[in-house]
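>>> Below: sequence and its predicted model.
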Amino acid sequence: MSSRTPLYLAILVAWVAMLGSLYFSEVAGFVPCKLCWYQRILMYPLALILPIAALRRDDGVPTYVLPFSVTGIFVSTYHYLLQKTDIFPESTVCAGGVPCNFDYINWLGFITIPFLALTAFVLISLLMVIFYALRSPTEAESDETAVAEATVAIR
């Protein structure tokens, strides 16, 4: 496996997630709730940032992708728990409009739209960690050198 394969897979995951959410809202006619919008706000930039990073051969991409994807994990988990459990009986986030606990889809009794988003955010996060771990030693050394030079410049 190439050291860039996880990056390309993360691009694929982000694009499928973005296109899937657009399908649900624009083709199937599902109106997104407020938490769905938050998840889109976190996913859509990844569909643009990841391919730009691949084109620029930017090996530092995990540092600016992981904040989006990890935050997305928390939002999607909260949304999924809101739909499937009574842990959060009343959500103030979804006070108006489409209720956040409404299931447009419920495949196999557990696969909902927030579950799909959660899966995408987890996959992208894992792929970014793998991408970071697979960098060549020269790339890692150059990062350490850059940090050391920045530290010296600050002093």
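Sure thing, it's come through. Numbers count the residues shown, from 1 in each chain.
>>> and S3, what are its phi and psi?
Note on S3: its backbone torsions stand at phi -70, psi -10 [degrees, to the nearest 10].
>>> Grab the nearest non-local neighbour of it.
With Cβ to Cβ, 6 or more residues apart in numbering as the criterion, S3 has its nearest non-adjacent residue at 4.2 Å, and that residue is L134. In short, each C-beta sits where N, CA and C put it, glycine included.
>>> Return the distance of the one you found relative to P62.
According to Cβ to Cβ, to the nearest Å, L134 and P62 sit 11 Å apart.
>>> When these two are compared, which one has more neighbours?
P62 (24 against 16; other Cβ atoms under 10 Å).
>>> got the contact list for that one?
P62 makes contact with 128-129, 131-132 under the criterion Cβ atoms under 8 Å, 6 or more residues apart in numbering.
>>> from the residues you listed, which would you call buried?
128, 131-132 (16 or more other Cβ atoms under 10 Å).
>>> Nearest to L46, out of the residues you listed: which one, please.
Nearest to L46 out of the buried ones among the contacts of P62 is M128 (Cβ to Cβ; 9.8 Å).
>>> pLDDT weak spots in the chain?
Along the chain, the parts satisfying pLDDT under 70 run over 1, 91-92, 95-96, 136-153, 155.
>>> Now the element after the helix or strand that I52 is a member of, going C-ward?
Using DSSP states H and E, I52 sits within helix 34-56. Sequence-wise, the next helix or strand downstream of helix 34-56 (DSSP H and E) is helix 61-84.
>>> how about that following helix: buried residues?
For helix 61-84, by 16+ other Cβ under 10 Å, it's 61-62, 65, 68-69, 72-73, 75-80, 82-84.
>>> Now do that helix against helix 34-56, angle only.
Per axes from the mean of the first three to the mean of the last three Cα atoms, to 10 degrees, the angle that helix 61-84 makes with helix 34-56 is 160 degrees.
>>> which residues touch stretch 67-76?
35, 38-39, 42-43, 45-46, 49, 114-115, 117-118, 120-122, 124-125, 128.
>>> Of these, keep whichever come out buried.
Buried among the contacts of stretch 67-76 (16+ other Cβ under 10 Å): 35, 38-39, 42-43, 46, 49, 114-115, 117-118, 120-122, 124-125, 128.
>>> how deep is W15 tucked in, by neighbour count?
A count of nearby residues for W15, using other Cβ under 10 Å, gives 16.
>>> Thanks a lot, catch you later.
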